[in-house]
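> Predicted structure and sequence below. I'll ask about it afterward.
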Amino acid sequence: TPPWYVKDAHFDTEKGQLDVYIDFKPGSTFDCPICEETGRKALDTKEKTWRHLNFFQHTTYLHARVPRVCCSHDKSVHQVNVPWSRPGSGFTLLFEAYILTLVEQMPVRAAARVVGEQDTRLWRILHHYVDKARENEDLSSVTRVAVDETSQAKGHNYVTLFVDTDRSRVIYVTEGKGAGTLEDFTADFRMHGGSPEAITDICMDMSPAFIAGAETHLPHAAITFDKFHAVKLVNEAVDQVRRAEQRTMPALKGTRYVWLKNASNLTVKQKAVMDDVLKDRHLQTVRAYHFRLSFQEMYRQLPLDASMYLQKWYYWATHSRLQPIIQVAKTIKKHRNGILRWFESRITNGLMEGINSLVQAAKNKARGYRSSRNLITIIYLIAGKLNLQPV
């Protein structure tokens, strides 16, 4: 666009490189990048180069002498902005848009190999656009959230994700997994137009840290304990019973996943194993398995019947003489209100599990990330539904 024009182009067949030279017409004036005043004359120029989209398979660069102008407000000298690139970048906007498209489908390191650049340069592009998009996010309509943590690598540091459950998007990611993550979230939430007092529901696991953080920083939010997490606790109790019993019942060895699945999800081999073991209904594992099935059945009850059903299940479980089942029943009772809240809120961390699977897939493809910031940026990129606008 005027006053810019393509002055020359040179193609080097040996290098496989196209160089496009851009210039401006003599006497042209420019906008001040600070105060945006128009009609500023160039004081001097500086040669700059930008990586552009490939011309077919050939590397392409744009070259231009970029003017500097004097700001009439503070009398300082500044380099003008060019329409094909953002300030401070060594790439054109179109090239950066291409990079954003690539990294949504492949690891950053793989994208760097495709375009022939250092992955550290691509990370700078991603950080810029994700940070910019987050600055412009409006979270004022968010009223229901879910929270969960994921590890950066096996046995390493954690990051905690907050999800807008109504729009299925990650709205905040922070390092750590304690009660402080809730404080960090509410501070960021306010910065983006949200009101912590307006959040009516939060879904989480039964982590004491998350519970304490929610009660302190989201005082009006009713806590829903994720039903998948509650069922998982009962599953773990069933497996404890199985592991103790397999010492005297070798047939139970290697059957862990048989008792953790619903019958409809069993393989033919697993179903045969279960049918064989179920013949002996006096086995402790079989009894524990039925407690699991009956607890899961609670979530199929009518809302008005669920409380009474849970009360009966608790009585049955605590008189089972199976210590792991008794212990998990007491845990369930302690968190009774949050478990029953599901019948009103109907929110779960199932969405969060789906997002975590995307994150895990990205981590596996990338074989880990060198920093928490890189992982957080990728999470926003693949699950934040951000408005990224390089062009």
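Perfect, I can see it now. All of these numbers come straight from a predicted model, not from anything done at the bench.

> remind me which residues of this structure are low pLDDT?
Counting by pLDDT under 70, the chain shows low-confidence ranges at 153-156, 280-281, 364-368, 391.

> What segments of it are strands?
Remark: strands assigned in the chain by DSSP state E are 4-12, 17-24, 29-30, 40-41, 44-55, 58-70, 77-79, 144-151, 158-164, 169-175, 201-204, 222-225.

> which of the ones you listed sits most buried?
Comparing these by mean neighbour count (mean count of other CB atoms under 10 Å), strand 201-204 comes out on top with a mean of 26. (Glycine included, C-beta is placed from N, CA and C.)

> Just send the strands of the chain back as a markdown table, with distance to Gln118 too.
Shown next, in a markdown table, are those (distance: least, CB to CB, whole Å):
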| stretch | distance to Gln118 |
| --- | --- |
| strand 4-12 | 22 |
| strand 17-24 | 18 |
| strand 29-30 | 32 |
| strand 40-41 | 35 |
| strand 44-55 | 12 |
| strand 58-70 | 15 |
| strand 77-79 | 24 |
| strand 144-151 | 27 |
| strand 158-164 | 25 |
| strand 169-175 | 25 |
| strand 201-204 | 40 |
| strand 222-225 | 45 |
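
> Out of those, which gets nearest to Leu93?
Set against Leu93 and scored by CB to CB, the strands of the chain come closest in strand 44-55, at 9.4 Å.

> can you give me the angle that closest one makes with strand 17-24?
Per axes from the mean of the first three to the mean of the last three CA atoms, to 10 degrees, the angle that strand 44-55 makes with strand 17-24 is 140 degrees.

> so how far is stretch 124-134 off the chain centroid?
15 Å (CA atoms, centre = their mean, to the nearest Å).

> Buried residues in that stretch, which are they?
Within stretch 124-134, the residues that qualify as buried are 125-126, 128-130, 133-134, counting by 16 or more other CB atoms under 10 Å.

> export it as PDB, just CAs?
Only the C-alpha atoms of stretch 124-134 are listed here, as PDB (Å, rounded to 0.1, in the frame of the first residue of the first chain):
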ATOM      1  CA  ARG A 124       8.400 -16.100  20.300                       C
ATOM      2  CA  ILE A 125       5.700 -15.900  17.700                       C
ATOM      3  CA  LEU A 126       3.400 -18.100  19.600                       C
ATOM      4  CA  HIS A 127       4.000 -16.300  22.900                       C
ATOM      5  CA  HIS A 128       3.200 -13.000  21.300                       C
ATOM      6  CA  TYR A 129      -0.100 -13.900  19.700                       C
ATOM      7  CA  VAL A 130      -1.400 -16.000  22.600                       C
ATOM      8  CA  ASP A 131      -0.500 -13.200  25.100                       C
ATOM      9  CA  LYS A 132      -2.100 -10.600  22.800                       C
ATOM     10  CA  ALA A 133      -5.300 -12.700  22.400                       C
ATOM     11  CA  ARG A 134      -5.600 -13.300  26.100                       C
END
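
> Name the surrounding residues that touch it.
Stretch 124-134 is contacted from outside by 86, 89, 91, 96, 99-100, 103, 108, 192, 373, 377-378, 380-381, 384, 386-390, using CB atoms under 8 Å, 6 or more residues apart in numbering.

> picking that back up, which ones among the buried residues of stretch 124-134 lie within helices?
Among the buried residues of stretch 124-134, the residues falling in helices (DSSP state H) are 125-126, 128-130, 133-134.

> returning to that earlier point: how about the buried residues of stretch 124-134 in JSON lines, adding distance to Leu252?
Formatted as JSON lines, the buried residues of stretch 124-134 follow (distance: CB to CB, whole Å):
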{"residue": "Ile125", "distance to Leu252": "54"}
{"residue": "Leu126", "distance to Leu252": "49"}
{"residue": "His128", "distance to Leu252": "56"}
{"residue": "Tyr129", "distance to Leu252": "53"}
{"residue": "Val130", "distance to Leu252": "49"}
{"residue": "Ala133", "distance to Leu252": "52"}
{"residue": "Arg134", "distance to Leu252": "50"}
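
> Look up how far Glu236 lies from His335.
15 Å (CB to CB, to the nearest Å).

> Which residue of those two possesses the greater neighbour count?
Neighbour count, other CB atoms under 10 Å: between His335 and Glu236, His335 has more, with 18 against 12.

> Dihedrals phi and psi, the more buried one?
When read as degrees, to the nearest 10, the backbone of His335 gives phi -110, psi 30.

> My read is that it contacts Met204, right?
No: look at His335 against Met204 with CB atoms under 8 Å: they stay out of range, at 10.5 Å.

> list the residues that contact both of these two?
Each of Phe225 lies in contact with both His335 and Met204 under the rule CB under 8 Å, 6+ apart.

> hmm, back to that, out of the buried residues of stretch 124-134, which is nearest to Thr318?
The closest of the buried residues of stretch 124-134 to Thr318 turns out to be Arg134 (CB to CB; 47.9 Å).

> residue contacts, Ser320?
Contact analysis of Ser320 by CB under 8 Å, 6+ apart lists 287-288, 291, 326.

> Equivalent analysis for Lys41, please.
With CB under 8 Å, 6+ apart, Lys41 has these contacts: 29-30, 69.

> show me the contacts for Trp84.
By CB under 8 Å, 6+ apart, the contact list for Trp84 reads 50, 62, 92-94.

> do the same with Thr181
Neighbour list for Thr181: 147, 149, 160, 174, 210, 213 [criterion: CB under 8 Å, 6+ apart].

> Which residue ranges of the stretch 251-391 of the chain form helices?
Assigned by DSSP state H, counting those that start in this stretch, the helices in the stretch 251-391 of the chain fall at 256-260, 268-278, 284-297, 303-318, 323-334, 336-340, 342-345, 350-366, 372-383.
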